[in-house]
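Novice: here is my input, please return the structure:
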Amino acid sequence: GQRRDALTGFDLTLTPGRRVAVVGPSGAGKTTLAQVLLRFLDAREGSCLLGGTDTATLDGDTVRRFVGLCAQDAYLFDSSVRENLRLARPDATDGELRDALRGARLLEWADSLPGGLDTLVGEHGARLSGGQRQRLALARALLADFPVLVLDEPAEHLDLATADALTADLLEVTEGRTTLLITHRLRGLDAVDEVIVLDEGRTVQRGRYDRLIAEDGPLRRMLERERAGDLLPVSGPPTLPVSGSPTFPIK
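Specialist: Presented below is the predicted three-dimensional model:
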């Protein structure tokens, strides 16, 4: 098929404490952006700078000590709540574990478990609901206290009510943290500093949420589609500068 770049002409600066949301349809380049920030991919052109240093000169593990990921498919081991959290910080105290759970709105749930923090979660978190798995992954990311946090579709595959509640809590707990939120849901994005709309690897709109939805543009149309979709009946038993023009070929 025809080749195109996953990202082209993209520019982003994340200063300390700044929160940016990146939205767009499937295939717009959102996850590719997360992968280059975490150095799972390198730019064919352009550069990604971490504190003024080109990440291409650093190994991936070094980059990922500063840039953390909380994604839709965050892995949970067949172990206890405590051990899954301590993957982020093996020396964390119970008080620190509880603080992370509190931030992820999971502390009350953890306290209700028969074994408390020693309760087993099952393989891939099989004993937890989808929302609980995502919140436990968030608690782990909060415990790690990364200078930059990338949230890649953290509410994907959750029902709408759970997804919107999780997103609201994510935005509350990341206030003051340098954060990139990659999402297809628009609910709550008035809390971030900037929204960037991607389409086919290019920035088609960017700015404050309230300004963008007031314009006749891509974000407003996305919001209208989202609102219309939410009304449908459901059947069955929802400083890190990236400068230059990073481009990635897609076959």
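Novice: next, the buried residues of stretch 62-70.
Specialist: 63, 64, 66, 67, 68, 69, 70 (16 or more other CB atoms under 10 Å). The way it works is simple: take the backbone N, C-alpha and C, and place the C-beta from them, glycine included.
Novice: what do you get for stretch 184-200?
Specialist: So for stretch 184-200, counting by 16+ other CB under 10 Å, buried means 184-189, 191-192, 194-198, 200.
Novice: re the thing from before, which ones among the buried residues of stretch 62-70 are found in helices?
Specialist: 63, 64, 66 (DSSP state H).
Novice: how many residues are close by the closest residue in space to the last one that isn't next to it in sequence?
Specialist: Of all residues not flanking residue 66 in the chain, residue 147 sits nearest, at 5.0 Å (CB to CB, 6 or more residues apart in numbering). For residue 147, the number of neighbouring residues by other CB atoms under 10 Å comes to 16.
Novice: what about the most centrally placed residue in the chain, helix or strand, and which?
Specialist: With distances taken as CA atoms, centre = their mean, the residue of the chain nearest its centroid is residue 151 (1.0 Å). Using DSSP states H and E, residue 151 falls within strand 148-152.
Novice: show me what that strand is packed up against.
Specialist: Applying 3 or more CB pairs under 8 Å, 6 or more residues apart in numbering; DSSP states H and E, one finds that strand 148-152 makes contact with helix 30-37, strand 67-71, strand 178-182.
Novice: what is the next helix or strand after the first one packed up against?
Specialist: Which is helix 30-37. Remark: after helix 30-37, the chain's next helix or strand is strand 47-50, criterion DSSP H and E. The elements that strand 47-50 packs onto, with contact taken as 3+ CB pairs under 8 Å, 6+ apart, are strand 240-243.
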